[in-house]
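Engineer: take a look and give me a structure for this.
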Amino acid sequence: MSAYPEKPKLSKLFRLQWEETQNNYVLLYPEGMVKLNQSAAEILKRCDGERDCAAIVSDLETTFGMQNLLADVEEFLRTADAQGWIR
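Structural biologist: Sure thing, here's the model as predicted:
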């Protein structure tokens, strides 16, 4: 069993947005900001509450022409869940 939501969705406490001054995607929340790397931002953009992990991985692999992303995406989703970024 995974340690993250079946169909992850960004928590209402956070807002994912492009921050021009950071030249990067960030997660904004009342107490501050988390600067994300490109991989984290791409995964979180797909956490819409409609897609499960397999669908997120499939979309990432298709979009970026990569393979075998499942373990990395699962690891990130576990971390994001532990941080409260997704629900």
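Engineer: what ranges does this structure have for its strands?
Structural biologist: 15-19, 24-29, 32-35 (DSSP state E).
Engineer: would you list those strands in a markdown table and tack on mean neighbour count and mean pLDDT?
Structural biologist: Yep, even glycine has a C-beta here, placed from its N, CA and C like the rest. Shown next, in a markdown table, are the strands of the chain (neighbours: other CB atoms under 10 Å; pLDDT from 0 to 100):
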| stretch | mean neighbour count | mean pLDDT |
| --- | --- | --- |
| strand 15-19 | 13 | 97 |
| strand 24-29 | 17 | 96 |
| strand 32-35 | 12 | 95 |
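Engineer: what's the closest of those to Phe64?
Structural biologist: Closest approach to Phe64 among the strands of the chain (CB to CB): strand 24-29, 15.5 Å.
Engineer: from Glu42, how far out is Thr63?
Structural biologist: According to CB to CB, to the nearest Å, Thr63 stands 8 Å off from Glu42.
Engineer: these two: who's more crowded?
Structural biologist: Glu42 (18 against 10; other CB atoms under 10 Å).
Engineer: quickly note the distance from the more buried one to Trp85.
Structural biologist: Distance of Glu42 to Trp85, computed by CB to CB: 14 Å.
Engineer: so who does Trp18 touch?
Structural biologist: Shown in contact with Trp18 (CB atoms under 8 Å, 6 or more residues apart in numbering): 24-26.
Engineer: please enumerate the helices of this protein.
Structural biologist: Under the criterion DSSP state H, the chain contains helices at 38-45, 53-64, 70-83.
Engineer: out of the ones you listed, deepest packed?
Structural biologist: helix 38-45 (a mean of 17; mean count of other CB atoms under 10 Å).
Engineer: contacts for that helix, please.
Structural biologist: If you take CB under 8 Å, 6+ apart as the criterion, helix 38-45 is touched by 10, 16, 24-25, 27, 36, 56, 60, 63-64, 72-73, 76-77, 80, 85-86.
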